[in-house]
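Chemist: just need the structure, nothing else, for what follows:
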Amino acid sequence: MGESDNSLLIKRYASRRLYNTETSDYVTLEDIAEFIRDGREVQIIDLKSGDDLTRQYLLQIIAEHESRGENMLPINVLTDLVRSYTTHATSMVPDFLSASFEMLQKGQSQMMENMARANPLAGMPGMEAMRAQQEAFMKAMTGGIQAMNTAADTTDGEEAADSDEAGEEDLDAIKKQLADLQNKLSKLGK
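Modeler: Okay, here's the model as predicted:
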């Protein structure tokens, strides 16, 4: 991992405690996960041997999230990953996964730009809340889970205000417009 202004060095002591060299205090795996979600690059080094333990701890963070039911990795993907360790495809898998995530992130950015630019229904009541929810979902798919929680909190307030202001007739009109929008989006996806 290359050094950068945003890089955070964590040292692991013989007691297995993790020490944040920036703030001079001990941290947990959840703290490290939060640093990463905030966009920080983290490097974890064993103090005694100097070994880079970053990969080991990142895998442990992922395993803990998966074991708590926060399943992001489908069983077939996990199975294929295990298989790839025993095949000749091992050398291709890291490059493929890296390229796939990069493509997902670029696709997310492109989709958000297209939604903002080419959405003729942007003025429709509730559309801003829906756009914020979709944006939060896409960020969550690429690692910004906290951003999703923030957007959901603000979206709930906007939806409550919209439903208070809209009467029965407006609600029916919005439902119809939403159905029309879903039809148009499904046609665009083909």
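
Chemist: how many residues are close by Gln110?
Modeler: Counted with other CB atoms under 10 Å, residues neighbouring Gln110 total 10. The way it works is simple: take the backbone N, C-alpha and C, and place the C-beta from them, glycine included.

Chemist: just Ile32 next, same as before
Modeler: By other CB under 10 Å, the residues close to Ile32 number 22.

Chemist: in this structure, what residue spans correspond to strands?
Modeler: 7-12, 18-20, 25-27, 41-46 (DSSP state E).

Chemist: so can I have a markdown table of these showing mean neighbour count?
Modeler: Putting the strands of the chain into a markdown table (neighbours: other CB atoms under 10 Å) gives the following:
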| stretch | mean neighbour count |
| --- | --- |
| strand 7-12 | 17 |
| strand 18-20 | 17 |
| strand 25-27 | 14 |
| strand 41-46 | 18 |
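
Chemist: among those strands, which is nearest Leu178?
Modeler: The closest of those to Leu178 is strand 41-46. By CB to CB, the value is 40.7 Å.

Chemist: and that closest one with strand 7-12, angle?
Modeler: Interaxial angle of strand 41-46 relative to strand 7-12 (axes from the mean of the first three to the mean of the last three CA atoms, to 10 degrees): 20 degrees.

Chemist: picking that back up, okay if I get the strands of the chain as TSV plus distance to Thr87?
Modeler: As requested, those are exported to TSV (distance: least, CB to CB, whole Å):
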stretch	distance to Thr87
strand 7-12	32
strand 18-20	34
strand 25-27	37
strand 41-46	29
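
Chemist: include distance to Met72 and mean pLDDT when you put these into JSON lines, please.
Modeler: JSON lines is the format used below for the strands of the chain (distance: least, CB to CB, whole Å; pLDDT from 0 to 100):
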{"stretch": "strand 7-12", "distance to Met72": "23", "mean pLDDT": "94"}
{"stretch": "strand 18-20", "distance to Met72": "24", "mean pLDDT": "96"}
{"stretch": "strand 25-27", "distance to Met72": "23", "mean pLDDT": "96"}
{"stretch": "strand 41-46", "distance to Met72": "19", "mean pLDDT": "96"}
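
Chemist: regarding this protein, what is its longest helix?
Modeler: Secondary structure assigned by DSSP state H gives helix 93-117 as the longest helix of the chain.

Chemist: which strands and helices lie in contact with it?
Modeler: Counting contacts by 3 or more CB pairs under 8 Å, 6 or more residues apart in numbering; DSSP states H and E, helix 93-117 packs against helix 127-141.

Chemist: coming back round to it: which of the strands of the chain sits closest to Met130?
Modeler: strand 41-46 (33.1 Å).

Chemist: render the CA-only coordinates of the closest one in CSV, please.
Modeler: Taking C-alpha atoms only, strand 41-46 is exported to CSV below (Å, rounded to 0.1, in the frame of the first residue of the first chain):
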residue,chain,number,x,y,z
GLU,A,41,-6.2,4.2,3.5
VAL,A,42,-5.1,2.0,6.5
GLN,A,43,-1.9,0.0,6.9
ILE,A,44,-1.6,-2.4,9.8
ILE,A,45,2.0,-3.4,10.7
ASP,A,46,3.2,-5.9,13.3
